[in-house]
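1. no FASTA, just this:
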């Protein structure tokens, strides 16, 4: 698109390809036009969308829960591998999430500032058309997931009587229709055959063959180590009557997950849309643990102690496993055949980082941890920082070592060795390499 200045016609090796809408293509092309052709420029739109999403998540969490819960939720989300992974990929997923959160943020702003409700409603409605240009028909799922909040809490917020919302939807729809008209005028029915063909394929069968129960184990596994905190936070939200807008806080991600579950094609990145809310649940649970530790009730103390000991025990297990592997490598022993894997040293460093960070949490969970010279206020914050530090270090080690992010080292090395060649020669060489 940048070379030809034809931003209406995405091509792949000279062939028109419309398996996706062009919103992300335009963002990447704009970034390349401004900053030059580079890997960083191609990833920049997703990276910016990731940062925007975290900021919006904090504002939404602070509005619906508390500042402290929102802060801990953002910190938890930043340690989730699949979130940080897709936050630096040149794909549609995180930009779509940022648009969804802008839509929700605008709706809450309309509640918070009713004198500007038409402006905020217009922005929220406009997100539907922008979301379609970025992710195509998948934008229908979050739109439907918002219906319980819009309908069952309508007596309070009156969003469905906001004319700005409908004008925004109309403006976004006009933009999409204009793009459709330009496609039809330029390429005929080909773009529509491909766009609707991909939708029909994804909706007709399990395209990736992962099975109907995929999300039931993949989401809890992908959100480790905070899955227990997510469950605890969900229980606390359901029990607390003072938390308003539960149809948004709980109903929206639940509805979205339900529709993703019945959708035949399942991927690890579709559920990314609910991860900000899972982060808020975990943040609420962690922030409440701080409050529980400062109370004198036995049940509150027991809750904190069980949590601290559980995470500390996992840290002790990881630390022990890493020590065993280090000794096996030092003695030149092929323990369980792991010596043949060149990535074992990276795994050891990750286990050491988490183990050393979490082992101190055991001390906080012990009965003798509370001492006058070390106040409870410091204990709880040191414990939470220790819990977060391990996953942060693990993500950093995995990223800098190439364990994550370098999906095809051969292609990357091949491209790097041909960067100085003319563009046509490089494309021909890559085509030969692919063949």
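-> Perfect, thanks for sending it. The structure displayed is predicted, hence computed values, not measured ones. Residues are numbered from 1 along each chain as shown.

2. give me every residue that touches the residue nearest the centre of the chain.
-> Geometric centre of the chain, nearest residue: residue 83, 3.7 Å, by C-alpha atoms, centre = their mean. Counting by C-beta atoms under 8 Å, 6 or more residues apart in numbering, residue 83 makes contact with 50, 77, 272, 275. C-beta coordinates here come from the backbone N, C-alpha and C atoms, glycine included.

3. Any chance of TSV for those residues, columns distance to residue 219 and neighbour count?
-> What follows is the contacts of residue 83, written out as TSV (distance: C-beta to C-beta, whole Å; neighbours: other C-beta atoms under 10 Å):
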residue	distance to residue 219	neighbour count
50	19	24
77	14	26
272	10	21
275	9	24
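
4. and which of these is nearest residue 312?
-> Lowest distance from residue 312 to the contacts of residue 83 (C-beta to C-beta) belongs to residue 77, with 22.7 Å.

5. What mean pLDDT does the lengthiest helix in the chain get?
-> The residue-count maximum for a helix in the chain (DSSP state H) belongs to helix 298-330. Mean per-residue pLDDT for helix 298-330: 77.

6. swap in stretch 161-180?
-> For stretch 161-180, the mean per-residue pLDDT is 92.

7. that older thread, so which of the contacts of residue 83 are in helices?
-> 50, 77, 275.

8. correct me, but the first one touches residue 94?
-> Put plainly, it is residue 50. Yes: with contact defined as C-beta atoms under 8 Å, residue 50 and residue 94 form a contacting pair (5.0 Å).

9. what do those two both touch?
-> What both residue 50 and residue 94 touch, as defined by C-beta under 8 Å, 6+ apart, is the set 86, 87.

10. sec struct for the nearest residue to residue 45 once chain neighbours are set aside, please.
-> Nearest non-adjacent residue to residue 45, counting by C-beta to C-beta, 6 or more residues apart in numbering: residue 27, 3.9 Å away. Secondary structure, DSSP: H, G, I helix; E, B strand; the rest coil: residue 27 is helix.

11. show me where the stretch 51-200 of the chain has helices.
-> Per DSSP state H, counting those that start in this stretch, the stretch 51-200 of the chain carries helices over the ranges 67-77, 81-86, 93-112, 117-135, 140-145, 147-152, 154-157, 163-187, 190-204.

12. in the longest one, what's buried?
-> Going by neighbour count (16 or more other C-beta atoms under 10 Å), the buried part of helix 163-187 is 164, 165, 168, 169, 172, 179, 183.

13. List the contacts of the fourth one.
-> What it means is residue 169. Per C-beta under 8 Å, 6+ apart, neighbours of residue 169: 125, 126, 128, 129.

14. Apply the buried test to those and list what passes.
-> For these, buried by 16+ other C-beta under 10 Å: 125, 126, 128, 129.

15. The second one and residue 74, how far apart?
-> Computed as C-beta to C-beta, to the nearest Å, the residue 126 to residue 74 distance reads 26 Å.

16. elements contacting the longest helix of the chain?
-> Using 3 or more C-beta pairs under 8 Å, 6 or more residues apart in numbering; DSSP states H and E, the elements in contact with helix 298-330 are helix 275-294, helix 344-365, helix 376-401.

17. mind redoing it with 7 Å?
-> helix 275-294, helix 344-365 (3 or more C-beta pairs under 7 Å, 6 or more residues apart in numbering; DSSP states H and E).

18. pLDDT score for the residue nearest to the centre of the chain?
-> Residue 83 is assigned a pLDDT of 91 by the prediction.

19. quick thing: my sequence starts at 17, can you match it?
-> Understood, numbering begins at 17; the last thing we discussed is residue 99.

20. Distance-wise, check it relative to residue 92.
-> 10 Å.

21. So, low pLDDT: which residues of the stretch 67-216 of the chain?
-> Confidence mapping of the stretch 67-216 of the chain against pLDDT under 70 gives the ranges 216.

22. one more time with 80
-> 210, 212-216 (pLDDT under 80).

23. Now for residue 62: which residues touch it?
-> 103, 104, 105, 106, 107, 110, 111 (C-beta atoms under 7 Å, 6 or more residues apart in numbering).

24. On the three-state scheme, it is what?
-> helix.

25. how close does it get to residue 101?
-> Applying C-beta to C-beta to residue 62 and residue 101 gives a distance of 11 Å.

26. What of residue 237?
-> Distance from residue 237 to residue 101, by C-beta to C-beta: 14 Å.

27. which one of those two has more residues nearby?
-> residue 101 (20 against 11; other C-beta atoms under 10 Å).

28. doesn't residue 420 make contact with the more buried one?
-> Yes: when contacts are counted by C-beta atoms under 7 Å, residue 101 is listed as touching residue 420 (6.1 Å).

29. Can you tell me the closest non-neighbouring residue to residue 78?
-> residue 86 (4.2 Å).

30. quick one on the thing from earlier: now flag whichever of the contacts of residue 99 is closest to residue 402.
-> Closest to residue 402, out of all of the contacts of residue 99 and judged by C-beta to C-beta, is residue 93, at 18.1 Å.
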